[in-house]
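> below are the sequence and a predicted model for it; my questions follow.
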Amino acid sequence: MIILRIVQESLNNVSRHSGATAATVQVTQQGEQLLLTIVDTGAGFDPAAVKSTRYGLTGMKERARLIGGVTQIDSQPGRGTRVNVTLPLVQAIVAAD
């Protein structure tokens, strides 16, 4: 369920804020890690300028952290956004149940 919620929030952000007409979602396994990548070519933003009262990004990071994962958000105004989430594979499988 955690993976679904992270992807859902990422795609909601694409729809609401980016102006992009498409996004890609990629899930891969790398050894004992599950890698989740969501990319859009929309407006982008400065992650450091996002207010702490904006719960979407914070929620994604917290969900990943709860199962030992890490979320990295790479974005710049005018250059789109990439969300990378690395999760321990075993925990990701358990959290999906």
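Perfect, thanks for sending it. Residues are numbered from 1 along each chain as shown.

> where does this protein have low pLDDT?
Applying pLDDT under 70 to the chain flags residues 92-97.

> repeat that for 90
1-3, 17, 21-22, 46-58, 89-97 (pLDDT under 90).

> now do the helices in it.
For the chain, the helices defined by DSSP state H cover 2-13, 55-66, 89-96.

> figure out which of the ones you listed is closest to residue 78.
Evaluated over these, closeness to residue 78 peaks at helix 2-13, with 16.5 Å, by CB to CB. All C-beta atoms are positioned from the backbone trio N, CA, C, and that covers glycine.

> neighbours of residue 84, how many?
The tally of other residues near residue 84 (other CB atoms under 10 Å) stands at 15.

> so what sits opposite it in the bridge?
Taking DSSP bridges as the rule, residue 84 bridges to residue 37, residue 72.

> any idea how far it lies from residue 53?
Here the criterion is CB to CB, to the nearest Å. By it, residue 84 lies 24 Å from residue 53.

> same check on residue 78?
Distance of residue 78 to residue 53, given as CB to CB: 25 Å.

> neighbour count winner among these two?
Neighbour totals were compared for residue 78 and residue 53, and residue 78 leads with 9 against 6 (other CB under 10 Å).

> check contacts around the nearest residue to the more buried one once chain neighbours are set aside.
Leaving aside its sequence neighbours, residue 78 sits nearest to residue 44 (CB to CB, 6 or more residues apart in numbering; 5.6 Å). Residue 44 sits next to 18, 75, 76, 77, 78, 79, 80, 81 when contact means CB atoms under 8 Å, 6 or more residues apart in numbering.

> still on that earlier bit, any idea which of the helices of the chain gets closest to residue 49?
Distance to residue 49, taken as CB to CB, is lowest for helix 55-66 among the helices of the chain, at 11.4 Å.
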